[in-house]
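*Asks:* Make a model of this:
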Amino acid sequence: MPCKEKRLRIRRKEEVPEGQARLNPKSMEYLEIKKEVEIVIAGKKRYRFKAFPWEGVPENEVWCNTDEMRTLGIADRTIATVRAPLKEGGEE
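*Replies:* Below is the predicted model:
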């Protein structure tokens, strides 16, 4: 069965701790995200973050730490493919 994924906008937010991504609870439910979220930029760069539900996050956005996004070279408002990791904690 193919993994559910969705194109969401990545937002830089100071209040989000490094290593975390905050998503709308409805988005997490739809994407079947439990503990981790995988963010794929331009089909090449893959990043994993601990996923946390947050009511204040719009359904079409993922909030990540500002400094961490800057270090990874991800601009604010970047569109990325967001999904649950294919295998928890391992390679594909």
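*Asks:* Would you enumerate the residues in contact with Val57?
*Replies:* Arg22, Leu23, Asn24, Ser27, Trp63 (Cβ atoms under 8 Å, 6 or more residues apart in numbering). (Each C-beta comes from the backbone N, C-alpha and C, glycine too.)
*Asks:* What's the PyMOL line that selects buried ones from those?
*Replies:* To isolate the buried members of these in PyMOL, using 16 or more other Cβ atoms under 10 Å:
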select buried, resi 22+23+24+27+63
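*Asks:* Among the contacts of Val57, which pair sits farthest apart?
*Replies:* Longest distance between any two of the contacts of Val57 is 11.3 Å, between Ser27 and Trp63; criterion Cβ to Cβ.
*Asks:* and Val40, what is it in contact with?
*Replies:* Counting by Cβ under 8 Å, 6+ apart, Val40 has contacts Arg46, Ala80, Thr81, Val82, Arg83.
*Asks:* Can you check the pLDDT for it?
*Replies:* For Val40, the model assigns a pLDDT of 97.
*Asks:* is it in a bridge, and if so with what?
*Replies:* Assessed by DSSP bridges, Val40 has beta-bridge partners Arg46, Thr81.
*Asks:* From Glu55, how far out is it?
*Replies:* 25 Å (Cβ to Cβ, to the nearest Å).
*Asks:* ok, back up a step: of the contacts of Val57, closest to Lys6?
*Replies:* Checking the contacts of Val57 one by one against Lys6 (Cβ to Cβ), the nearest turns out to be Ser27, at 7.1 Å.
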